[in-house]
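>>> Kindly return the folded structure for what I paste below:
(chains A and B)
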Amino acid sequence: MTAQANGKTGESPEIDTAKIDSAVAQAMPARSADDMPLLRIEGVSKKFGTFPAVDGLSLDIRTGEFFALLGPSGCGKTTLLRMLAGFETPDEGRILLGGRDIAPVLPHERPVNMMFQNYALFPHLSVRDNIAFGLKRAGMARAAIDTRVAEMVALVKLDGMEKRKPDQLSGGQKQRVALARSLARRPKVLLLDEPLAALDKKLRESTQLELMELQRRLGMTFIVVTHDQEEAMTMANRIGVMDAGRLQQVATPRDLYEAPASRWVAEFVGDVNLFNGDVTSRDHRRLTIATRDGGAIVVSEPREPVTRTVVSVAIRPEKVKMSRRGPAPDAAGSQAINRLEGVVADVSYLGGSTVYKVKLDSGAVVRSSVANTARFDTDTYDAGQRVVAWFTPDDCVVLER
Amino acid sequence: MARQVNRMSAFNVTSLALGLAFLYLPIVILVIYSFNASRLVTVWGGWSLRWYFEFFNDRAMLDAAWMSLRVAAVSATIATLLGTLAAVGLARGERFRGRALFSGMLYAPLVMPEVISGLSLLLLFVALNAERGFWTVTIAHTTLTMCFVTVVVQSRLASLDRSLEEAAMDLGCNPVQAFIRVTLPLIVPAIAAGWMLAFTLSLDDVVIASFTTGPGSATLPIRIYSEVRLGVKPEINAICTMVIALIAVLIVIASLASKLSSTQGESAAPL
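Below is the predicted model of the structure:
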């Protein structure tokens, strides 16, 4: 199995069960199709010249899932999506849709539709004809096409726009036409390539909610490619974080944020304070890690025991609390508390929260995000003030990679 | 000229007027003299349509004009067909070996001196023992104008978003259907512009036609050229005015078509 060679062992429960599943599936080919995930990507690779865009990637996607592929630009997420649509052919590996290998199937014969990043509406056709385009190709009867188009127009709330041409529509309306057009054929999987990138912030947020609502109502499987982590977190049931053509982690939005699998994921998703150090002692499910910048940090032993001695400790800024003299002894029960002393170097008021940059005596900077829960907060800190930044062992994530 | 400049300096006005005069004064004079009643070309004798009637009674001139129109129409059509295919091949085809060489060779006639093209075609036709006449001129003009069509159509194709074709395929079209249903309707204005460009180029060519035409199949420009050598008749002015009018109309239609084409979809196709 090529997936085994990826060094992705012990990444997340999802990946592990997927590997076991596929190993079982290969051992017993007679297994019924019901046990198969809707879409199975098996050791898929794609090179452009010598550049590996997608590198031995394996992934299972279940029916009715809203799956997001998240990653920086150039990580291979769009290439993967284009392979699912059929515009690129994998060099290696298989793509199984409902148990059938679709890698050699041409785009127009796949039960998959794609919504393009720039929408790719046909400029010479009206809204109605754009939506009906795929239905006509499918040889649907005229009356049935009319019914389906009306249904789609109502679904994306474009009533009264049927006769307009794409250049007479706003960005948001174009997005809806593109969505209706790709949904009209009722694909088994809908692929969305940066579906909201061209919309402004407010419209993007409301459209995210509409997309989720639509996906739930239709019970369809959506795979969305995005570089916007907030968008992925808002919409998706599961997120696959990609970098350099490989999946770094596949997890729910919460697990991705609270239990990142590696330093890279921790830094890519959200903001994080990272300390590198060595495990020095271990007792009562507590590890003590001697860090270069933050001194000794006590962390909770993760579910899977830590095997390496050189590790990183990740703490999200909102888990780092601030106080003038350090927490009162009973502030966090009997837990051992990590205290980092320093001077406030920078204060950024962001409305909902305030981010403090605390310069530790070691020279390292720790970020703390404090929610502004009251209009007139007396508990604020000024630049230059000496403070204690503190957090509990449970707030820390130990990263071995 | 930028639209927001509503007042031009005296210098601008003067240079513009001089430039336009340099370009159009000879043509304006020719047009005015085509309505001259006098038999002498350079002496004004009052307004008249006499020379226009003269042309329509001149059998040899009419034959030449008819010949020119047929050559222009047929060669423009063949050139458009071949030029469009070449443009599609270059813009959409796989990166085949020698692609750069092929596109370079395709554009060579754009810069090749017409005397050389004409002479080489003449040698070819002589070697093939082809009887020179309508078809030899038509083939020669096709080779001359095809690259212009390719340039126009290819620039339109290059500005067309490729994901349109992918969207068509995604929605159930095979590659040929995607081309016919999506790409073709979007490049039709550019193809029409290419045809009209080819038509006008063929209509006013003397050099290549003079090499490749045979006895009894003179095109209008050749006929005019040989008449002028015997002395300019006012009738020539009338013919030239009509040719200018025809070409002006075609150029306007071609540029309108090209503008229409560029407003549909992506960035503008230059013409």
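>>> Could you use CA atoms for every contact and neighbour count after this?
Noted.
>>> Which residues of chain A lie near chain B?
Contact residues, chain A versus chain B (CA under 8 Å from any CA of the partner chain): A:85, A:87, A:107-110, A:112-114, A:116, A:120-124, A:133-135, A:137-138, A:182, A:185.
>>> Please indicate which of these are buried?
Buried by 16 or more other CA atoms under 10 Å in any protein chain shown: A:85, A:87, A:107-108, A:110, A:112-114, A:116, A:120-124, A:133-135, A:137, A:182, A:185, out of those.
>>> Could you tell me which of those belong to strands?
Among these, the residues falling in strands (DSSP state E) are A:V112, A:N113, A:M114.
>>> The closest residue to the last one other than its chain neighbours: neighbour count?
Okay, so that is A:M114. Spatial nearest neighbour of A:M114, chain neighbours left out: A:L191 (4.5 Å); criterion: CA to CA, 6 or more residues apart in numbering or on different chains. By other CA atoms under 10 Å in any protein chain shown, 25 other residues sit near A:L191.
>>> pLDDT wise, what is the nearest residue to B:G172 once chain neighbours are set aside at?
Distances taken as CA to CA, 6+ apart place A:H108 nearest to B:G172, at 4.1 Å, with adjacent residues excluded. Note on A:H108: pLDDT of 86.
>>> A:H108 and A:G134: what is the separation?
Separation of A:H108 from A:G134 (CA to CA, to the nearest Å): 10 Å.
>>> Near chain A, which residues of chain B are found?
Within chain B, the residues that sit near chain A (CA under 8 Å from any CA) are B:161, B:163-164, B:166-174, B:182, B:185-186, B:264-265.
>>> Looking at these, which are in helices?
B:S163, B:L164, B:E166, B:A167, B:A168, B:M169, B:D170, B:P185, B:L186 (DSSP state H).
>>> Out of those residues, which end up buried?
For those, a burial check counting by 16+ other CA under 10 Å picks out B:S163, B:L164, B:E166, B:A167, B:A168, B:M169, B:D170, B:L186.
>>> In this structure the first one contacts A:M115, no?
Looking back up the chat, that one is B:S163. No: using CA atoms under 8 Å as the test, B:S163 is too far from A:M115 to be in contact (10.3 Å).
>>> tell me which residues in the biggest helix by length in chain A are buried?
Assignment by DSSP H gives helix A:201-218 as the longest helix of chain A. Across helix A:201-218, burial judged by 16+ other CA under 10 Å covers A:R204, A:T207, A:Q208, A:L211, A:M212, A:Q215.
>>> residue contacts, the residue nearest to A:M114?
Listed by CA atoms under 8 Å, 6 or more residues apart in numbering or on different chains, the contact partners of A:L191 are A:L81, A:A85, A:V112, A:N113, A:M114, A:M115, A:F222, A:I223, A:V224, A:V225.
>>> so which helix or strand takes in it?
strand A:189-193 (DSSP states H and E).
>>> That strand to helix A:201-218, inter-axis angle?
Orientation check (axes from the mean of the first three to the mean of the last three CA atoms, to 10 degrees): strand A:189-193 against helix A:201-218 gives 170 degrees.
>>> what about the stretch 151-300 of chain A, any weak spots by pLDDT?
Across the stretch 151-300 of chain A, nothing is flagged by pLDDT under 70.
>>> all helices of it, in order?
A:171-183, A:201-218, A:229-235, A:253-258, A:263-268 (DSSP state H, counting those that start in this stretch).
>>> same deal with chain B?
Taking DSSP H as the criterion, chain B carries its helices at B:10-34, B:50-57, B:59-92, B:99-111, B:114-127, B:134-159, B:162-170, B:175-178, B:184-203, B:207-212, B:220-229, B:234-263.
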